[in-house]
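Novice: sequence first, predicted model second:
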Amino acid sequence: MAYTRGNLAVKEKATARGQNPRYRETTKVVTRRSSLPIREKLLYMVTILFCVGIMGGLLWQNSQLYGIKRQVFNLNTDIQNIGVQVKELSIQKEKLEERIPDEAAKLGYVEPQDEGVHVQVPAS
């Protein structure tokens, strides 16, 4: 008998006896995967849910920061636009102040000869 893999109780192979077999004897290793225990499944589920919650919180925080940054950008552009409007309005004001004496002369107003303002208060 042949000594195969630590076992003396095996049949001799046909090739050893000098015969040509019609089929080849093969062995197939079958491994069965056992299912995970319920506690381990719950541990994995809780871990995944925790990670998803953390990522969701970070995403929410980033979206709020983006909104704040966008508001700051919009406010800066509004401030720049208002600054331009203030400059334009100050130029218009100066032009209008230069036209006041001409318009007053057209309407018949005259400049007072004395400097200062005289107010008459009735004596009572």
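Specialist: Structure received. Given the structure is predicted, the values throughout are model-derived calculations rather than measurements. Numbering: from 1, shown residues only.
Novice: following the chain past the helix or strand of the chain with the lowest mean pLDDT, name the next helix or strand.
Specialist: Least confident helix or strand, the chain: helix 14-17 with a mean of 52, by mean pLDDT, DSSP states H and E. Per DSSP states H and E, the first helix or strand lying C-terminal to helix 14-17 is helix 38-106.
Novice: and the gap between Glu115 and Gln64?
Specialist: 63 Å (Cβ to Cβ, to the nearest Å). C-beta: built from backbone N, CA, C; applies to glycine.
Novice: more crowded one of the two?
Specialist: Gln64 (10 against 5; other Cβ atoms under 10 Å).
Novice: what's the per-residue pLDDT of the more buried one here?
Specialist: Looking at Gln64, its pLDDT reads 97.
Novice: so how far is Asp114 from it?
Specialist: With Cβ to Cβ as the criterion, Gln64 and Asp114 are 67 Å apart.
Novice: what do you get for Leu89?
Specialist: 34 Å.
Novice: mind checking the end-to-end distance for stretch 23-35?
Specialist: This stretch, stretch 23-35, spans 36 Å end to end (Cα to Cα, to the nearest Å).
Novice: my error: substitute stretch 23-33 in the last question.
Specialist: 30 Å.
Novice: what mean pLDDT does that stretch get?
Specialist: 80.
Novice: stretch 91-107 now?
Specialist: 92.
Novice: need the CA coordinates for it. CSV is fine.
Specialist: Extracted C-alpha coordinates of stretch 91-107, given in CSV (Å, rounded to 0.1, in the frame of the first residue of the first chain):
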residue,chain,number,x,y,z
ILE,A,91,-20.5,114.5,-8.7
GLN,A,92,-24.2,115.3,-9.6
LYS,A,93,-24.5,117.3,-6.3
GLU,A,94,-21.5,119.4,-7.1
LYS,A,95,-22.9,120.1,-10.6
LEU,A,96,-26.3,121.1,-9.1
GLU,A,97,-24.6,123.4,-6.5
GLU,A,98,-22.8,125.2,-9.3
ARG,A,99,-26.1,125.8,-11.1
ILE,A,100,-28.0,127.2,-8.1
PRO,A,101,-26.9,130.9,-8.6
ASP,A,102,-27.8,130.8,-12.3
GLU,A,103,-31.2,129.3,-11.7
ALA,A,104,-31.9,131.7,-8.8
ALA,A,105,-31.1,134.7,-11.1
LYS,A,106,-33.5,133.4,-13.8
LEU,A,107,-36.3,133.2,-11.2
